[in-house]
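> How does the following fold in three dimensions:
(one chain, ligands or ions: 1)
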Amino acid sequence: MRLSIVTAFPDLIRQYLGCSVLGRGVASGKLDVRVVDLRDHSQGDYRQVDDYSFGGGGMVLMAEPLARAVESLSGEGKPFVVYPSPQGVPLHQELVEDLSRVDHVVLVCGHYEGVDERFVRRFVDLEVSLGDFVLTGGELPAMALVDALARLVPGVVGRGEAVVNDSFYRGFLDHPHFTRPAAWRDDVVPEVLAGGDHGAIEEWRRREGVRRTLARRPDVLARAGLLPYLKHGIYVLQVHHPVRDERGEATVASVAAGELRDMARTCRTYGVRRFLVADPLPAQRDLAKRLQVHGAQGDGAARERGEALGLLKLFPRISRAAAWVREKEKADPLLVATSARPLQGAQHWLGLKRRFLEEDRPVVLVFGAGGGLHDEALRDCEGMLLPVRGGSPDGYNHLSGVGAVAVVLDRFLGWR
Ligand SMILES: C[S@@+](CC[C@H](N)C(=O)[O-])C[C@H]1O[C@@H](n2cnc3c(N)ncnc32)[C@H](O)[C@@H]1O
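You can find the predicted model right below:
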């Protein structure tokens, strides 16, 4: 990506671009940043770039020098023009990531009262704000943007400081950091960090990142994929019995090969540890087993399908599936029921997402087949998820099993 900064104060920017991580990025050619002096695009002998605000008030940057500066950068296609402004959309990591995928971003620094609105209307694609406060000029926000973008350019940040572990990158806050000396003014670094046990260090960091995020910024969890931050695995359990028939009575749902295959593939996509099925009928479990064997034959797509079906594990009852997870994880699983009907005590997915982190237990997401989980099945579950809602405001929303698994897994494990 290319970055250009249009400013009436180029020295401010040049100095910043010459130092530390950015300085090394520019010197090595990994960072392509150009600083454009607005005065080079002024008209007349006085290199004028600003004038009084119509109607009274302070100075405003004039439209024509700004337009010329941007046009001088438009040789190889139209760049994406960003104007840092307190009236813009708040800057956040997702926006930085979106901008990092643009070929050429031009940052236009305002000053004094701002820039002529006619320039904004004609040239600016996006106004971005650093927060609800006012600075004297757009140079600091422009540098903040360049800095945040530069971190995403491969090789600019050293390998030791993996950006994926930074705050917000994966929807979590970073863990605390410490450096030498190990004891400073009677304050000693956590013992685990000074020992050489990398597994224990990773576990400590994971827990601290989770703790901080829950305490300080639970709002950012909406975009977070939970998997790297959970100690235990996430499981999907499809229940064939007891599910509801048309009259709400308990019945057994039949095995649908296509449905099992598609759910298994979704589980594989999101890193679900195992796809469990509870079915009391041996003939149906046999059918599912045969599907697993045949699905693994062939190459290409078939192999991928086979891998997904390898996640499948069959049990006669919900309790047996739960006991198997308990044994495997050496921890009590949290079973969470999903339903098309709003169940008593059901929670919003964001609340559950926090709960998964707080309780740090294996999680089993339980889906019904046929007409959905019967009340008897709900007795095995400790948590309940509100129905997935689409455009319709009323509570009832019956999705296909495959659709429901995909939406629910994306909310908990999808990484935006
Ligand atoms: C003093 S400000 C102008 C404020 C403008 N009159 C207003 O109230 O919206 C001058 C310049 O600083 C930059 N600026 C100030 N605060 C900013 C913020 N919170 N985020 C991004 N840019 C900001 C903008 O480029 C702006 O044109």
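
> residues making contact with the longest helix along the chain?
In the chain, assigned by DSSP state H, the helix with the most residues is helix 198-216. With Cβ atoms under 8 Å, 6 or more residues apart in numbering as the test, helix 198-216 has contacts from 172-176, 190, 192-193, 195, 220-221, 224, 228-229, 231, 354, 357-358. C-betas here are computed from N, CA, C, even on glycine.

> Taking the residues you listed, please make a PyMOL selection of just the buried ones.
In PyMOL syntax, the buried subset of those is picked out as below (16 or more other Cβ atoms under 10 Å):
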select buried, resi 172+173+174+175+193+220+221+224+228+229+354+357
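
> Okay, Ala150 and Met59: tell me how far apart.
According to Cβ to Cβ, to the nearest Å, Ala150 and Met59 sit 31 Å apart.

> Comparing these two, which shows the higher neighbour count?
Ala150 (21 against 14; other Cβ atoms under 10 Å).

> Return the residues in contact with the more buried one.
Counted by Cβ under 8 Å, 6+ apart, Ala150 has contacts 21-22, 25, 31, 156-157.

> Can you add secondary structure, pLDDT and neighbour count and give these back as CSV?
Output for the contacts of Ala150, formatted as CSV (DSSP: H, G, I helix; E, B strand; the rest coil; pLDDT from 0 to 100; neighbours: other Cβ atoms under 10 Å):
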residue, secondary structure, pLDDT, neighbour count
Val21, helix, 88, 15
Leu22, helix, 90, 19
Gly25, helix, 90, 21
Leu31, coil, 93, 22
Val156, coil, 87, 19
Val157, coil, 86, 17
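
> Now flag whichever of these is closest to the ligand.
Nearest to the ligand among the contacts of Ala150 is Leu22, at 19.1 Å by Cβ to the nearest ligand atom.

> Quick check: chain neighbours aside, which residue is closest to the residue of the chain found nearest the ligand?
Proximity of the chain to the ligand (Cβ to the nearest ligand atom) peaks at Gly110, 2.2 Å away. Excluding its sequence neighbours, the residue lying closest to Gly110 (Cβ to Cβ, 6 or more residues apart in numbering) is Gly138, at 4.5 Å.

> Repeat that for Arg273.
Per Cβ to Cβ, 6+ apart, closest to Arg273 is Gly233, 3.2 Å.

> Tell me, how many residues neighbour the one you found?
Neighbour number of Gly233 under other Cβ under 10 Å is 17.

> With Glu359 instead?
For Glu359, using other Cβ under 10 Å, the count is 15.

> Would you mind confirming that the residue of the chain closest to the ligand is in contact with Thr136?
No: look at Gly110 against Thr136 with Cβ atoms under 8 Å: they stay out of range, at 9.7 Å.

> Helices of the stretch 101-250 of the chain, start to end?
117-123, 139-150, 191-194, 198-216 (DSSP state H, counting those that start in this stretch).

> and stretch 54-65 with the ligand, contact?
No: Stretch 54-65 is not in contact with the ligand by Cβ under 6 Å from any ligand atom; minimum separation 7.7 Å.

> same check, this time on stretch 85-99
Yes: contact between stretch 85-99 and the ligand, assessed by Cβ under 6 Å from any ligand atom, occurs at 85-87.

> Get me the contact residues on the protein for the ligand.
So the chain meets the ligand at 84-87, 109-111, 113-115, 129-131, 133-138, 141 (Cβ under 6 Å from any ligand atom).

> Any of the residues you listed buried? List them.
84-86, 109-111, 114-115, 129-130, 137-138, 141.

> Let's have those residues in TSV, adding pLDDT.
Shown next, in TSV, are those (pLDDT from 0 to 100):
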residue	pLDDT
Pro84	98
Ser85	98
Pro86	97
Cys109	98
Gly110	98
His111	96
Gly114	96
Val115	98
Ser129	98
Leu130	98
Gly137	97
Gly138	98
Pro141	98
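
> taking these one by one, which sit in strands?
84-86, 129 (DSSP state E).

> Quick check: mean pLDDT of stretch 231-250?
When pLDDT is averaged over stretch 231-250, the result is 95.

> List the buried residues of that stretch.
232-244.

> hang on, the earlier thing: out of the contacts of Ala150, what pair is the most spread apart?
Leu31 and Val157 (11.0 Å; Cβ to Cβ).

> Now do the phi/psi pair for Tyr169.
Backbone torsions of Tyr169, given as degrees, to the nearest 10, read phi -60, psi -40.

> is it true that it touches Glu94?
No: Tyr169 is not in contact with Glu94 according to Cβ under 8 Å; the separation is 10.1 Å.

> Okay then, goodbye and thanks.
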